[in-house]
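S.K.: Give me a 3D structure for the following:
(one chain, ligands or ions: 1)
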Amino acid sequence: MGDKYVIALDQGTTSSRAVLVDRTGAMVDCVQRAYQQIYPQPGWVEHNPQEILYSQLGALTELVSRHALSIDNVAAIGIDNQRETTIVWDPTTGEPIANAIVWQCRRTAPIIEELCGTEEVRASIQSKTGLLPDAYFSASKIKWLLDNVDGARERAEAGELLFGTVDTWLVWVLTGGLTHATDVTNASRTMLYNIHKGCWDEDLLSLFDIPQQMMPEVRPSASFFGETSYPGVPAGIPICGVAGDQQSALFGQCCFETGQAKNTYGTGCFLLMHTGADAPISRNNLVTTIVASPPEVGHTEYALEGSVFVAGALIQWLRDEMHLIRSAEETEYLAKSVPDAGGVTIVPAFTGLGAPYWNPEARGIICGLTRGTTPAHIVRAALEALAFQTHDLVRAMEADAGIALGELNVDGGASRNDFLMQFQADVLRATIRRPKNIETTSLGAAFLAGLASGYWSGTDELRALRSTDDVFSSNTTRDEADALVAGWKDAVRRAM
Ligand code: ADP
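M.R.: Numbers count the residues shown, from 1 in each chain. Got it, this is the predicted structure:
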């Protein structure tokens, strides 16, 4: 028999993946299954929970048959998942009562307006959950299902329905209905979990009129959730790691300690900074969230989280709408072909400006154009905009956490762009670290499961696996960096 593996189930918003990870942290193989996005009305987004399940199980069983996997050569399964997406089901039939309401869905915005309109309620929710009240989180989605599906409220009150985020649904099915549990990171995105006391908050459950008996038990991310017991899946494999996608990526980046941070450069950016046992309440519209901790950490640890709405999407816009480029990759060569952006600045406030500005009315601008401006200048300014937006988030986090960031770990599609990474180092005056394997989300789930099952000995072993990072060090003086940022801030003022 060969060496054992760990399997990560990476349940994302558009596809489900099963990833085979070996002892060196290498991704040996990966099976991906897309599934349907359902848009019943403008602003509404749903998934069919059975399709989520079959795409995930289809990917898993394909991986199993390709590598003859069984309890003999798989040490553990870890799960990372799209966060906040809400499923309610009947445990006796295993049938969901409706489609899952996806995190992006805006249907419950009126519920948030009605229930969380006052400053007092907002402040109370922020102090308990670390979140700023929004339709994004699970609370209002559960309420909507109970209010709008025939008989659902009565059944929930009679203890006949269960709620879960996608991790909970998958664990429940995979354990043959034995485990109804979630992990602390997913719980912290429901807006019903008191992140300081570590329990479902009774006041919030009653504010949203949600019976406590439908809520899952909450466990540490690196802990035993149950064993596989589902037809077609090898039986008896322990599920010992669960985390929401962003927290999983933070863990996959080996950010185990206070002050460590990661930024994912995808369609948007997701930045998380580990703040240790402190849960700072943001004054800059960031949220406080629970992180996945290694099994030996006996207390709750936190992070500040912020996002950039438009990052890679700006590059897509240059390609698909402006036709300035044919591929995202060529932005690197074009940006490097000019010594600077020629005075051009782009503020991609397509849907307003997020943290720390929080201005929904702002709109995008391109400024500083001259007769000498070329496509290369515009492309360079676009990449710089990704770095400037990340810079603003980092500075807001540093202020909220009282921690200076020396190093930023990066992943996501656009992190492959060397120009962008060097420019990011220059404006932040910090070191940028890019692991060889930028699939950090699934790696995090594998790490959690591998630590909890004893497959890896501890976090030192995991850190040692990432010796081959690409490192970008800052080449700017403080004055140079300040001058770059001053130009950006001036453009942001114009966008607002
Ligand atoms: P998501 O998971 O949000 O779909 P990915 O992590 O796959 O995103 O990253 C894709 C995004 O990154 C796209 O928006 C694309 O425009 C951008 N991107 C990909 N490669 C590059 C590159 N070399 N330079 C700049 N942007 C890139």
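S.K.: rest of the way, CA atoms for contacts and neighbours
M.R.: Will do.
S.K.: Surely Ala222 touches Gly458?
M.R.: No. Ala222 is not in contact with Gly458 according to C-alpha atoms under 8 Å; the separation is 11.8 Å.
S.K.: Mutual contacts of those two, please.
M.R.: Leu451 (C-alpha atoms under 8 Å, 6 or more residues apart in numbering).
S.K.: So between the two, which is more surrounded?
M.R.: The neighbour comparison of Ala222 against Gly458 (other C-alpha atoms under 10 Å) goes to Ala222, with 28 against 16.
S.K.: Can you give me the separation between the more buried one and the ligand?
M.R.: With distances taken as C-alpha to the nearest ligand atom, to the nearest Å, Ala222 is found 24 Å from the ligand.
S.K.: which ones are touching that residue?
M.R.: Contacts of Ala222 (C-alpha under 8 Å, 6+ apart): 240-242, 292-295, 448-449, 451-452.
S.K.: Using the three-state scheme, assign it.
M.R.: coil (DSSP: H, G, I helix; E, B strand; the rest coil).
S.K.: can you list the residues of the stretch 251-400 of the chain near the ligand?
M.R.: Taking C-alpha under 6 Å from any ligand atom as the contact definition, the stretch 251-400 of the chain meets the ligand at 266-267, 312-313, 315-316, 328-329, 331.
S.K.: So which of these sit within helices?
M.R.: Per DSSP state H, helices hold the following members of these: 312-313, 315-316, 331.
S.K.: could you redo those as JSON lines and give each row pLDDT and neighbour count?
M.R.: What follows is these, written out as JSON lines (pLDDT from 0 to 100; neighbours: other C-alpha atoms under 10 Å):
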{"residue": "Gly312", "pLDDT": "94", "neighbour count": "23"}
{"residue": "Ala313", "pLDDT": "93", "neighbour count": "16"}
{"residue": "Ile315", "pLDDT": "96", "neighbour count": "24"}
{"residue": "Gln316", "pLDDT": "94", "neighbour count": "17"}
{"residue": "Thr331", "pLDDT": "97", "neighbour count": "25"}
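S.K.: And those, which two are furthest apart?
M.R.: In terms of C-alpha to C-alpha, these reach their longest pairwise distance at Ala313 and Thr331, which sit 13.3 Å apart.
S.K.: Just the buried residues of the one helix or strand Leu484 maps to, please?
M.R.: Under the criterion of DSSP states H and E, Leu484 resides in helix 478-495. By neighbour count with 16 or more other C-alpha atoms under 10 Å, helix 478-495 contains the buried residues 481, 485, 488-489, 491-492, 495.
S.K.: Widest-spaced pair of these?
M.R.: That would be Ala481 and Ala495, which, of these, are the farthest apart (C-alpha to C-alpha) at 21.3 Å.
S.K.: What number of residues are in the vicinity of Thr93?
M.R.: Residues contacting Thr93 under the criterion other C-alpha under 10 Å number 7.
S.K.: Does it belong to a helix, a strand or coil?
M.R.: Following three-state DSSP, we place Thr93 in the coil state.
S.K.: coming back round to it: and the helix holding Leu484, average pLDDT?
M.R.: Averaged over helix 478-495, pLDDT sits at 96.
S.K.: Of the contacts of Ala222, which belong to strands?
M.R.: In this view, the contacts of Ala222 that belong to strands under DSSP state E are 240-242.
S.K.: Compare the residues you listed and tell me which is most surrounded.
M.R.: Ranking the ones in strands among the contacts of Ala222 using other C-alpha under 10 Å puts Val242 first, with 37 neighbours.
S.K.: Test my guess that it contacts Trp169.
M.R.: No. Contact criterion C-alpha under 8 Å: Val242 and Trp169 do not qualify, at 11.9 Å.
S.K.: show me what contacts Ile365?
M.R.: Neighbouring residues of Ile365 by C-alpha under 8 Å, 6+ apart: 346-349, 491, 494-495.
S.K.: repeat that for 7 Å
M.R.: Applying C-alpha atoms under 7 Å, 6 or more residues apart in numbering to Ile365 gives the contacts 346-348, 495.
S.K.: what about Ala8, which SS state?
M.R.: Classification of Ala8 by three-state DSSP places it in strand.
S.K.: how close does it get to the ligand?
M.R.: Distance of Ala8 to the ligand, given as C-alpha to the nearest ligand atom: 17 Å.
S.K.: Just grab the bridge partners of that residue for me.
M.R.: For Ala8, the beta-bridge partners under DSSP bridges are Val19, Gly78.
S.K.: Okay, now the unreliable bits of the protein?
M.R.: 1-2, 467 (pLDDT under 70).
S.K.: re earlier: could you tell me which of the contacts of Ile365 are located in helices?
M.R.: Residues of those located in helices (DSSP H): Ala495.
S.K.: Make sure Tyr178 is actually in contact with Leu170.
M.R.: Actually, residue 178 is Leu rather than Tyr. No. Between Leu178 and Leu170 there is no contact, the gap being 11.5 Å when judged by C-alpha atoms under 7 Å.
S.K.: can you list the ones in helices among the residues of the stretch 251-400 of the chain next to the ligand in TSV and add distance to Ala261?
M.R.: What follows is those, written out as TSV (distance: C-alpha to C-alpha, whole Å):
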residue	distance to Ala261
Gly312	20
Ala313	23
Ile315	24
Gln316	26
Thr331	26
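S.K.: Please, where are all the strands along the stretch 301-450 of the chain?
M.R.: Along the stretch 301-450 of the chain, the stretches classed as strands by DSSP state E, counting those that start in this stretch are 302-308, 345-347, 365-367, 407-411, 431-434.
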